[in-house]
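**Student:** Okay, predicted coordinates and the sequence, questions at the end:
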Amino acid sequence: MSNAAASRPTRFTVSAVILGAFLLVGCTTDPDAESAPASTVTAEVTADLGGLTEVEVGSCVPDGLRAVQAGPADDPTTVVVAGGGTDAVLLVPQSGGDECQWAQEARRLAGEGYLVATFGWAGDDEASFRAATSVLDRLGAQRTAFVGASKGGTYAVALAQELGAVAVVAISSPATFDGMDAVAGRAAYTGPLLVVASADDRDVPASQTQTIARPDDPEGFVQLEGSSHGVAILSGPVADELRGLVDGALAEAFAG
């Protein structure tokens, strides 16, 4: 087990320059209360949205991001998109989370040069996940990494192999959720996997989240200080460490 407060695994280390100007106040249970980024980030959608049904974004979504509806008309999924290019990141929300939960982080990662999407769970959770990945595909994604918090990480690992994820980061995730089995998914998945937990998480114990990590890859599990769960880590004292881990995992995944 690794403790990020003491040392960070070299496989997922990212230079301070990646973090420098883009540290944000992270998502909270009240996305409308989030602070604005300290610096201007170019996150405008550069991909052609032709063929997708565009919808109005909520006040929680930063300027430059756009929203589309995907999936069946009787159970649509709202997908927020940012940035452009062929290297994509899908930010998967926690249980009950909507497109606001990861919106600020979507903006930050778009500023790093990625095509980014996040979404709100509709009635059929798996269909929502698949709809969001389909949106990225239609916008030109050739390689997509999944970053999920709590339930979102469980789904990300469980579906990673089938959907061809180039990397997965699971944060504070339970081993199973709603029939999705992240441990079985990890066994099938052959790509890079980073699992992160808070040492004193009272929602999902770190020991449970660790079972998702590969037993033969000690650098693939990082335990952060504190008790914050999922996206709440991004509004706490180790937010920069989590962002650094995510950035490093993405940089490594897309390096080839």
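**Tutor:** That came through fine. Numbers count the residues shown, from 1 in each chain.

**Student:** Pretty sure residue 82 sits in a strand.
**Tutor:** Yes: judged by DSSP: H, G, I helix; E, B strand; the rest coil, residue 82 forms part of a strand.

**Student:** which residues touch it?
**Tutor:** Contacts for residue 82 (CB atoms under 8 Å, 6 or more residues apart in numbering) come out as 43-45, 64-66, 106-107, 109-110, 115-117. C-beta here means a position set from N, CA and C on the backbone, and glycine is covered the same way.

**Student:** pLDDT weak spots in this protein?
**Tutor:** 1-42, 256 (pLDDT under 70).

**Student:** show me where it has helices.
**Tutor:** 16-19, 103-111, 125-138, 151-163, 182-188, 206-210, 239-253 (DSSP state H).

**Student:** Give me the buried positions along stretch 56-70.
**Tutor:** 57, 58, 60, 61, 62, 64, 65, 66, 67, 68, 69, 70 (16 or more other CB atoms under 10 Å).

**Student:** Dump these to CSV, plus distance to residue 122.
**Tutor:** CSV is the format used below for the buried residues of stretch 56-70 (distance: CB to CB, whole Å):
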residue, distance to residue 122
57, 17
58, 16
60, 18
61, 17
62, 22
64, 24
65, 19
66, 18
67, 13
68, 13
69, 10
70, 9
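
**Student:** any idea which of the residues you listed is closest to residue 230?
**Tutor:** residue 60 (16.9 Å; CB to CB).

**Student:** Nearest residue to the closest one in space, ignoring adjacent ones along the chain?
**Tutor:** Spatial nearest neighbour of residue 60, excluding adjacent residues (CB to CB, 6 or more residues apart in numbering): residue 100 at 3.6 Å.

**Student:** Identify all contacting residues around stretch 46-53.
**Tutor:** By CB under 8 Å, 6+ apart, stretch 46-53 touches 66, 68-70, 81, 83-85, 115, 135, 138-140.

**Student:** Could you export those as a markdown table, including distance to residue 193?
**Tutor:** Putting the contacts of stretch 46-53 into a markdown table (distance: CB to CB, whole Å) gives the following:
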| residue | distance to residue 193 |
| --- | --- |
| 66 | 30 |
| 68 | 29 |
| 69 | 31 |
| 70 | 26 |
| 81 | 25 |
| 83 | 24 |
| 84 | 26 |
| 85 | 23 |
| 115 | 21 |
| 135 | 24 |
| 138 | 26 |
| 139 | 25 |
| 140 | 25 |
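
**Student:** what's the neighbour count on the residue nearest to residue 124 when sequence neighbours are not counted?
**Tutor:** Closest residue in space to residue 124, ignoring its immediate chain neighbours: residue 75 at 5.8 Å, by CB to CB, 6+ apart. Neighbours of residue 75 under the rule other CB atoms under 10 Å: 12.

**Student:** Also residue 146?
**Tutor:** 28.

**Student:** do residue 127 as well
**Tutor:** 17.

**Student:** and which of the contacts of stretch 46-53 is nearest to residue 244?
**Tutor:** residue 83 (19.7 Å).

**Student:** Spit out the contact partners of that closest one.
**Tutor:** 43, 44, 45, 46, 109, 110, 111, 113, 114, 115, 116.

**Student:** out of the residues you listed, which one sits closest to residue 92?
**Tutor:** Nearest member of those to residue 92, counting by CB to CB, is residue 116, at 11.8 Å.

**Student:** I'd assumed residue 106 was in contact with the closest one.
**Tutor:** Yes: using CB atoms under 8 Å, residue 116 is in contact with residue 106, at 4.5 Å.

**Student:** Pull up the overlap in contacts between those two.
**Tutor:** 43, 82, 91.

**Student:** Quick check: the gap between the last one and residue 178.
**Tutor:** Going back to what we said before, that points to residue 91. To residue 178, residue 91 is 19 Å away according to CB to CB, to the nearest Å.
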